[in-house]
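Engineer: here's a sequence, model it:
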Amino acid sequence: MSSILALSDAIEAVFPEGTLFEAVKPNEKNEYVESAFPWTVARVQIPNTLSRSMAGTRHAQRVRITVTIAGITFASVRVIVDKLDPVLEGARPTAVGWSLSPVRMLNARDIVEDESITLTTANRHPVYTVLEYELTAARN
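Structural biologist: Sure thing, here's the model as predicted:
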């Protein structure tokens, strides 16, 4: 049986080493927040039904991937996007029990400051962007 876990694992395997799949917690390892930057956190969402047969069987499902990239400067965020996007765009993960389309970017949000955090050693707010990708998945 094809599982959502196998699908998520296959998509996460496309990401470069160092990508996180859980939220970043400042000072979690007793280090300055600044030393954790830049970071990339990816989330593979639960598939949504895209189309069904007349009998109600799912034909295709849309899988969204959100990627949050945070850094100290706008340039540091752009560098990560510049390295990550070519890896994801057009990638075709393989998962047992699934047929998958290539990954496609849907949206890149503006880089903005996170005013809820102040980096004390840098005396500035971190900046971040969110990239949104999508692929279509069908169970075999």
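Engineer: helices along the chain, start to end?
Structural biologist: For the chain, helices defined by DSSP state H occupy the ranges 4-12, 74-88.
Engineer: closest one to Thr136 among these?
Structural biologist: In terms of Cβ to Cβ, the element of the helices of the chain nearest to Thr136 is helix 4-12, at 11.6 Å. Just so you know, the C-beta spots here come from the backbone N, C-alpha and C atoms, and that holds for glycine as well.
Engineer: buried stuff in the closest one?
Structural biologist: Leu7, Ser8, Ala10, Ile11 (16 or more other Cβ atoms under 10 Å).
Engineer: for Ala60, state which of the residues you listed is nearest.
Structural biologist: Using Cβ to Cβ, Leu7 is the member of the buried residues of helix 4-12 that lies nearest Ala60, at 12.9 Å.
Engineer: distance check, the closest one against Ile69.
Structural biologist: Per Cβ to Cβ, to the nearest Å, Leu7 is found 23 Å from Ile69.
Engineer: related to what we said a few turns ago, of the helices of the chain, which approaches Gly97 most closely?
Structural biologist: Each of these was scored for nearness to Gly97 using Cβ to Cβ, and the closest is helix 4-12 (6.5 Å).
Engineer: dump the closest one to CSV, keeping only the CA atoms.
Structural biologist: Coordinates of each C-alpha in helix 4-12 appear next as CSV, following Å, rounded to 0.1, in the frame of the first residue of the first chain:
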residue,chain,number,x,y,z
ILE,A,4,1.6,9.4,2.7
LEU,A,5,4.7,8.8,4.8
ALA,A,6,6.5,7.2,1.8
LEU,A,7,5.4,10.1,-0.4
SER,A,8,6.7,12.7,2.1
ASP,A,9,10.0,10.9,2.6
ALA,A,10,10.5,10.8,-1.1
ILE,A,11,9.9,14.5,-1.5
GLU,A,12,12.1,15.4,1.5
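Engineer: now find how far off-centre it is within its chain.
Structural biologist: On the basis of Cα atoms, centre = their mean, to the nearest Å, the separation between the geometric centre of helix 4-12 and that of its chain is 13 Å.
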